[in-house]
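J.: here's a sequence, model it:
(one chain, ligands or ions: 1)
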Amino acid sequence: MKPLDVLMPSEGMGVIADLIAERLPLHRLWLESDSDAWLKEWGPRIRVIASSGHQAPIDAAFMSRLPHLEVVASFGVGYEHVDAEWAGRHGVIVTHTPGVLDDEVADTAMALTLMAVRRLPQAERFLRSGAWEKSGFPLTASLRGRTMGVLGLGRIGKAIATRARSFGVEVVYHGRREQPGAPYRYYSTLMDMAKACDILIVAAPGGPETRRIVNAEILAALGPNGVLVNAARGSLIDESALIEALKNGTILAAGLDAYENEPHVPPGLLALDNAVLLPHVGSASVKTRRAMAECVVANLIAWSEDRPPLTPVPETPWRGRWGSEADAASVGPSGAADRSLLVGGVVEVMKSLWDLPADCNEGELFAYAKTLVDRIEAGESREKLCAYLADIQIGNWEMSPRDADKDIVDRSIALDRKSAPERRGPV
Ligand code: 8YV
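T.: Here you go, the predicted structure:
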């Protein structure tokens with residue numbers, strides 16, 4: 001392991017700093033009284049940033065002060081606070097924490113949908129106030145017969161769509177491109193989708209491309225029975241237009257977990273009875289936040305052990321090549337190199353049998369391939385290994401044909417045995 005100096009610009013979950021400090025020299029910038037002077041003196045030592053979330057920007061100006069920066073490992077799936085394009089141009093790899101929070105955020109989005117449509121928080125407040133002693137709570141709108149439009153059918157969008165379907169809600173979607181394998185109707189414009197649905201779920205990334213795309217016109221198209229749910233980023237919504245739309249009945253209700261200027265919530269929203277407001281808790285369970293923290297740390301530990309980053313963002317893909325002797329030599333001590341070759345071989349098998357494009361995210365594939373090898377070596381049955389593969393989704397790629405999963409398992413087992421014939425695998 002290389003003793004890479006790690007910088008944490010702001011305080012995040014304590015466990016991130018604890019896990020890093022157990023293994024690598026860690027500098028906590030937020031504890032320095034003069035961070036400017038500190039960066040001047042110590043900046044050249046820093047090779048890795050561990051970013052604790054979207055509250056503290058890791059922009060070009062900040063990264064420029066760290067001339068030997070190699071990796072920015074960011075907490076959270078969204079990383080618009082990191083200038084990933086600048087990083088890509090300067091050979092710095094940015095990693096994030098995809099996959100581990102999809103279900104938690106999707107649960108929250110579904111809960112917000114139900115709360116907003118059925119006015120459940122209001123009903124609870126009604127009971128607590130004693131008002132039930134005098135009368136029943138007014139009847140509400142219903143989820144029945146609705147169509148949900150998902151803006152951004154990535155991993156989280158898909159997890160929300162699956163849930164909505166099981167609630168009997170029809171699902172449609174809009175995104176940058178149609179996904180041929182997705183079992184939902186695609187709309188090429190947000191406006192057309194807004195006209196066709198009455199629940200709009202925002203599940204797309206933040207950043208300049210999506211800034212305030214949910215504006216007054218989109219809300220008007222959603223209509224008076226419309227419900228807006230945002231479990232992504234506040235920057236996608238024109239908040240003033242939303243306040244107006246909720247106030248004058250242009251739409252029925254909203255359920256929000258994200259705001260443009262967190263933790264400040266516009267007073268206009270706070271004053272509205274038809275807005276359900278959560279303090280950005282989408283992924284905030286102990287289990288999921290721990291998994292996110294471990295993903296941040298796993299990325300920088302991998303880097304310190306001369307292994308590739310596990311979950312790089314698309315703007316800074318891992319450009320290493322897999323499966324050749326030359327690569328093996330470049331991945332460090334011999335044990336690690338053998339294993340890296342084996343995992344690299346499994347990556348190649350996955351790429352070809354799942355028919356993934358050459359430019360798909362190899363860091364992400366590497367993480368799945370590594371887990372597959374671990375499971376093979378733990379003696380898991382072929383059935384369980386196939387079930388593991390069936391749950392994998394690489395970015396937004398259509399991964400067909402999925403009947404390739406069994407072949408991937410068989411070929412990976414064969415590669416594993418070839419690399420270490422003495423190992424016991426599934427029979
Ligand atoms: C976290 C999130 O609340 O992953 C994201 O992009 O928005 C949330 O899961 C956030 O990362 C905490 O900073």
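
J.: okay, CA-based contacts and neighbour counts for the rest of this
T.: Fine.

J.: now do the buried residues in stretch 84-97.
T.: 84-88, 90, 92-97 (16 or more other Cα atoms under 10 Å).

J.: ugh, typo on my part, it should be stretch 61-81
T.: In stretch 61-81, counting by 16+ other Cα under 10 Å, buried: 63, 65-66, 69-81.

J.: does the ligand have contacts with it?
T.: Yes: contact between stretch 61-81 and the ligand, assessed by Cα under 6 Å from any ligand atom, occurs at 75-78.

J.: next one: stretch 251-262
T.: No: using Cα under 6 Å from any ligand atom, stretch 251-262 stays clear of the ligand, coming no nearer than 8.0 Å.

J.: okay, and the helix or strand of the protein with the least pLDDT?
T.: In the chain, no helix or strand scores lower on mean pLDDT, DSSP states H and E than helix 325-330, which sits at a mean of 36.

J.: contact partners for the closest residue to the ligand within the stretch 201-350 of the chain?
T.: Nearest residue of the stretch 201-350 of the chain to the ligand: Ser283, at 4.5 Å (Cα to the nearest ligand atom). Ser283 makes contacts with 101, 104-105, 108, 289, as judged by Cα atoms under 8 Å, 6 or more residues apart in numbering.

J.: closest to the ligand among the buried residues of stretch 84-97?
T.: Nearest to the ligand among the buried residues of stretch 84-97, counting by Cα to the nearest ligand atom, is Thr97 at 7.0 Å.

J.: verify the stated contact: the closest one with Cys295.
T.: Yes: with contact defined as Cα atoms under 8 Å, Thr97 and Cys295 form a contacting pair (5.9 Å).

J.: low-confidence ranges, the stretch 301-427 of the chain, go.
T.: Along the stretch 301-427 of the chain, segments meeting pLDDT under 70 span 320-341, 357-363, 395-402, 421-427.

J.: all helices for it, in order.
T.: 325-330, 334-353, 362-377, 382-390, 404-419 (DSSP state H, counting those that start in this stretch).

J.: for Val71, give me phi and psi.
T.: phi -140, psi 140 (degrees, to the nearest 10).

J.: hmm, it is touching Val92, no?
T.: Yes: in this structure, Val71 is within contact of Val92 by Cα under 8 Å, at 5.4 Å.

J.: send the alpha carbons of stretch 8-21 over as PDB?
T.: Provided in PDB are the C-alpha atoms of stretch 8-21 (Å, rounded to 0.1, in the frame of the first residue of the first chain):
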ATOM      1  CA  MET A   8     -11.000  15.800   3.500                       C
ATOM      2  CA  PRO A   9     -12.100  19.400   2.800                       C
ATOM      3  CA  SER A  10     -15.200  19.300   5.000                       C
ATOM      4  CA  GLU A  11     -16.500  17.100   7.800                       C
ATOM      5  CA  GLY A  12     -18.800  14.300   6.700                       C
ATOM      6  CA  MET A  13     -19.800  11.100   8.300                       C
ATOM      7  CA  GLY A  14     -17.300  10.300  11.000                       C
ATOM      8  CA  VAL A  15     -16.900   6.800   9.800                       C
ATOM      9  CA  ILE A  16     -15.400   8.000   6.500                       C
ATOM     10  CA  ALA A  17     -12.500   9.800   8.300                       C
ATOM     11  CA  ASP A  18     -12.200   6.900  10.800                       C
ATOM     12  CA  LEU A  19     -11.900   4.200   8.000                       C
ATOM     13  CA  ILE A  20      -9.400   6.300   6.000                       C
ATOM     14  CA  ALA A  21      -7.300   7.300   9.100                       C
END
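
J.: now that stretch: buried residues?
T.: Judged by neighbour count using 16+ other Cα under 10 Å, the buried positions of stretch 8-21 are 8-12, 16-17, 19-20.

J.: same thing with stretch 216-229?
T.: 216, 218-229.

J.: present those as TSV; the columns should include secondary structure.
T.: Output for those, formatted as TSV (DSSP: H, G, I helix; E, B strand; the rest coil):
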residue	secondary structure
Ala216	helix
Ile218	helix
Leu219	helix
Ala220	helix
Ala221	helix
Leu222	helix
Gly223	coil
Pro224	coil
Asn225	coil
Gly226	coil
Val227	strand
Leu228	strand
Val229	strand
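
J.: any chance of the residues you listed in CSV, plus pLDDT?
T.: Converted to CSV, the buried residues of stretch 216-229 look like this (pLDDT from 0 to 100):
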residue, pLDDT
Ala216, 98
Ile218, 98
Leu219, 98
Ala220, 98
Ala221, 98
Leu222, 98
Gly223, 98
Pro224, 98
Asn225, 98
Gly226, 98
Val227, 99
Leu228, 99
Val229, 99
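
J.: returning to what we had before: can you put the helices of the stretch 301-427 of the chain in a markdown table and add distance to the ligand and mean neighbour count?
T.: Output for the helices of the stretch 301-427 of the chain, formatted as a markdown table (distance: least, Cα to the nearest ligand atom, whole Å; neighbours: other Cα atoms under 10 Å):
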| stretch | distance to the ligand | mean neighbour count |
| --- | --- | --- |
| helix 325-330 | 32 | 14 |
| helix 334-353 | 26 | 20 |
| helix 362-377 | 16 | 21 |
| helix 382-390 | 23 | 16 |
| helix 404-419 | 29 | 18 |
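
J.: quick one, which of the ones you listed gets closest to Ala182.
T.: helix 382-390 (15.1 Å; Cα to Cα).

J.: just to revisit the earlier point, any idea which of the contacts of Ser283 is closest to Pro312?
T.: Leu101 (16.2 Å).

J.: pretty sure that closest one is touching Met292, no?
T.: Yes: assessed by Cα under 8 Å, Leu101 is found in contact with Met292 at 7.3 Å.

J.: so how far is Val313 from the spatially most central residue of the chain?
T.: The centroid of the chain falls nearest to Val77 when counting by Cα atoms, centre = their mean (3.0 Å). According to Cα to Cα, to the nearest Å, Val77 stands 9 Å off from Val313.

J.: now the common contact residues for the two.
T.: Going by Cα under 8 Å, 6+ apart, residues that sit against Val77 and also against Val313 are His96.

J.: contact residues of this structure facing the ligand?
T.: 53-54, 75-78, 280, 282-283.

J.: could you find the lowest-pLDDT member of these?
T.: For the residues of the chain next to the ligand, the weakest pLDDT value sits at His54, with 76.

J.: quick one: secondary structure of that one?
T.: His54 - assigned by three-state DSSP - is coil.
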